[in-house]
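Engineer: Show me the folded form of this:
(chains A and B)
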Amino acid sequence: MDKKHFPEFYRVNVQRIYRFLYFRCAGNKEKAEDLTQDVFLKAFNAFESYDPERSESSWIFTIARNHLINSLQKERPNVALEDVENASWLSADWPEKMALGYDQQRLWKAIGELPADDAKVIRRKYLEGWPYEDIAEELGKNSTALRVQAHRAIKQLKKILKQK
Amino acid sequence: MIPMNWLFERKLKRLGEKANPDPVFVRNLEKRLKTELGHPAWWVQGWKWATGGVTALTVIASATGAYAYTSDAVTPVHPLYGVRQALEHVEERLAVTPEAKLNVAVKHLNRRLKEDALLHEKEGTVEKERYENVNTRLETLLDESERLPENARGSVEDAIDELEANHERNLQEVRERAKTEKEKTDLEAIIKREHEQVRKKVQKIREKRTIHIPTGTTR
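Structural biologist: You can find the predicted model right below:
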């Protein structure tokens, strides 16, 4: 892909990549910024080899995921990204880190009470901003099935919030 | 009536927006990519509109330009309205990303609503076509926002919501000030028709994003 398209690519993806990294760095803004910068520098250098037939999100997320794993493994060899993710989401101080209001805190906690798979879909889709097609590719599922799952998870979230 | 899941989904998206990067960081990284890597794409884009931007700034910096651009008193019948239109045209050309273009379009449409409200207050009437045009534009903006990447939709959808609320409030105020029964009836018909159009539009958007259960039942 011609590098003249990179500015547009950057503007479309920077927020999503940052959020992806932010939620896996336990809300450490400085670290998320450093990693985001590294990811886009790598992406820029590799941009001419990017095949536009492939999903843009999928390409940049692969770079981000691999860079994150490499960065984590410098500190903790053999660490799995999934373990880091789980530990990060379960960290208790998100409401403070993200300056969540009362209703947002309730919503955040309610997401944590969903079954793990449903919580994953809700987080990917709404908190990180992935399109269904990319979540489907990552989880090895059909995007239609994911929409059904998300719809049911939202119903469940509303129930949880009503009960509290 | 806007479908309830849509509102809940917006709450979830707003929660995600709390994790947005600092805009200063985003701009600085873009600058770094531009200067250290020196790719021409950025400066070419900037140069294209730099001329228009400098002209716009010069006009705005002048007292006349600032007044024309910012004053609520400048309505379509005001002598400086042409200056306002020219400045808004430059603003549209300076918006580079699809999201920025939509935000500018929403801002200008909000201005049109304010102008209509003032026109009605001062002149006593506004052409029916101006009200109807606003709704057509709203529907177009909703359609265009659908083409944005998901992560860019949130702020535009918020702005469109605010615009719809302003439009509805304007119509109600104008209806209350209507001098004749015919004008009142006409406005009521417009309000009713536009509610229905927006409801259908939101429903269509929801159906496009809706899930289909394999048995063929649609939720």
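Engineer: Show me which helix or strand of chain B is least confident by mean pLDDT.
Structural biologist: For chain B, counting by mean pLDDT, DSSP states H and E, helix B:40-61 ranks last in confidence among helices and strands (a mean of 55).
Engineer: before we move on, which element is the residue most central in space within chain A in?
Structural biologist: Of all residues in chain A, the one closest to the mean position by Cα atoms, centre = their mean is A:F20, 3.3 Å from it. Using DSSP states H and E, A:F20 falls within helix A:6-22.
Engineer: for B:P76, same thing?
Structural biologist: Under DSSP H and E, no helix or strand contains B:P76.
Engineer: So what's the residue count around it?
Structural biologist: Residues contacting B:P76 under the criterion other Cβ atoms under 10 Å in any protein chain shown number 17. From N, CA and C alone the C-beta is placed, and that goes for glycine too.
Engineer: so what pLDDT did B:P3 get?
Structural biologist: Per-residue pLDDT puts B:P3 at 51.
Engineer: Same question for A:Y18.
Structural biologist: The model reports A:Y18 with a pLDDT of 95.
Engineer: For the nearest residue to it once chain neighbours are set aside, which three-state class applies?
Structural biologist: Sequence neighbours aside, B:P21 is the residue nearest to A:Y18 in space, at 4.1 Å (criterion: Cβ to Cβ, 6 or more residues apart in numbering or on different chains). Secondary structure assignment for B:P21 (DSSP: H, G, I helix; E, B strand; the rest coil): coil.
Engineer: can you list the residues that contact stretch A:87-96?
Structural biologist: A:F23, A:R24, A:C25, A:A26, A:G27, A:L100, A:Q104, A:Q105, A:W108, A:G112, A:A119, A:R123 (Cβ atoms under 8 Å, 6 or more residues apart in numbering or on different chains).
Engineer: quick one: terminal-to-terminal distance for it?
Structural biologist: Terminal residues of stretch A:87-96 are spaced 17 Å apart (Cα to Cα, to the nearest Å).
Engineer: what comes up buried for it?
Structural biologist: Going by neighbour count (16 or more other Cβ atoms under 10 Å in any protein chain shown), the buried part of stretch A:87-96 is A:S88, A:W89, A:W94, A:P95.
Engineer: I'd like to know which elements the helix holding A:F20 is packed against.
Structural biologist: Contacts defined by 3 or more Cβ pairs under 8 Å, 6 or more residues apart in numbering or on different chains; DSSP states H and E place helix A:6-22 against helix A:29-46, helix A:56-75, helix B:23-37, helix B:40-61, helix B:150-177.
Engineer: does the nearest residue to A:K97 once chain neighbours are set aside sit in a helix, a strand or a coil?
Structural biologist: Excluding its sequence neighbours, the residue lying closest to A:K97 (Cβ to Cβ, 6+ apart) is A:G27, at 3.8 Å. Following three-state DSSP, the label given to A:G27 is coil.
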